[in-house]
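In: Below is the sequence, then the predicted model.
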Amino acid sequence: MPRGKVSEDDVERMKFLKKEGLTYEEIAEELDYSYSTVAKYLKGRGERTEITPELIDEMKDLREDGLTYKEISEELEVGYSTVAKYMRKEGLGRKRKKINKDLIERMKNLEEAGVAKREIADKLELSYSTVRKYLKKEEELGFFDRLKRKLGLE
């Protein structure tokens, strides 16, 4: 990624690509800058978007359509933390799933059937890191149980 000052030509290219309908992420990739650099030059550093009731309604609609905070942030060109704040206020915050023994058992069964961890995460509507963490814990528990039996400690 280029470092140092962004040239006026690149700023103009950013503006042009934005008018063409590209997202900040796509512009960043196209011009080989970070997302935050593109956002800084297109939004203006520290410039705030007025949060109107209509904008909040638009955030809610997008969230209810299944978009993530990041996707809503990019779509509406509003900061991620702003989206998160208003979605929590509207009761549309991230919903954490309770991880219980049945869910862990389903993870184990899917893994034993040869399903990849990412697919397990998608099927069970969990994050990949959650699936990886719980399957690793289960693997470690199984190892220690086998070791205890082998050593005659059970």
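Out: All right, it came through fine. Numbering: from 1, shown residues only.
In: list the buried ones in whatever helix or strand Ala28 lives in?
Out: Using DSSP states H and E, Ala28 sits within helix 24-31. Under the neighbour-count criterion of 16 or more other Cβ atoms under 10 Å, helix 24-31 has Tyr24, Glu26, Ile27, Ala28, Leu31 buried. C-beta: built from backbone N, CA, C; applies to glycine.
In: which one of the residues you listed is nearest Leu17?
Out: Ile27 (4.7 Å; Cβ to Cβ).
In: how far away is that closest one from Thr49?
Out: 18 Å (Cβ to Cβ, to the nearest Å).
In: How far off centre is the top helix by length along the chain?
Out: Ordering each helix of the chain by length in residues (DSSP state H) puts helix 128-151 first. With Cα atoms, centre = their mean, to the nearest Å as the basis, helix 128-151 stands 27 Å off its chain's centre.
In: Give me the domain ranges for the protein.
Out: Split into domains by automatic domain parsing, the chain comes to 1-47, 48-95, 101-151.
In: can these go into a markdown table with extra columns for mean pLDDT?
Out: Listed next are these as a markdown table, based on pLDDT from 0 to 100:
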| stretch | mean pLDDT |
| --- | --- |
| domain 1-47 | 82 |
| domain 48-95 | 85 |
| domain 101-151 | 85 |
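In: Now do the SS call for Gln58.
Out: One correction, residue 58 is Glu, not Gln. helix (DSSP: H, G, I helix; E, B strand; the rest coil).
In: which residues touch it?
Out: By Cβ atoms under 8 Å, 6 or more residues apart in numbering, Glu58 lies in contact with Leu76.
In: cool, and Glu75?
Out: Counting by Cβ under 8 Å, 6+ apart, Glu75 makes contact with Thr23, Leu62, Leu67.
In: and the first one, backbone torsions?
Out: According to degrees, to the nearest 10, the main-chain angles of Thr23 amount to phi -80, psi 170.
In: Tally up the residues packed near the residue nearest to it when sequence neighbours are not counted, please.
Out: The shortest distance from Thr23 to any non-neighbouring residue, by Cβ to Cβ, 6 or more residues apart in numbering, is to Glu74 (5.1 Å). Close neighbours of Glu74, defined as other Cβ atoms under 10 Å, add up to 19.
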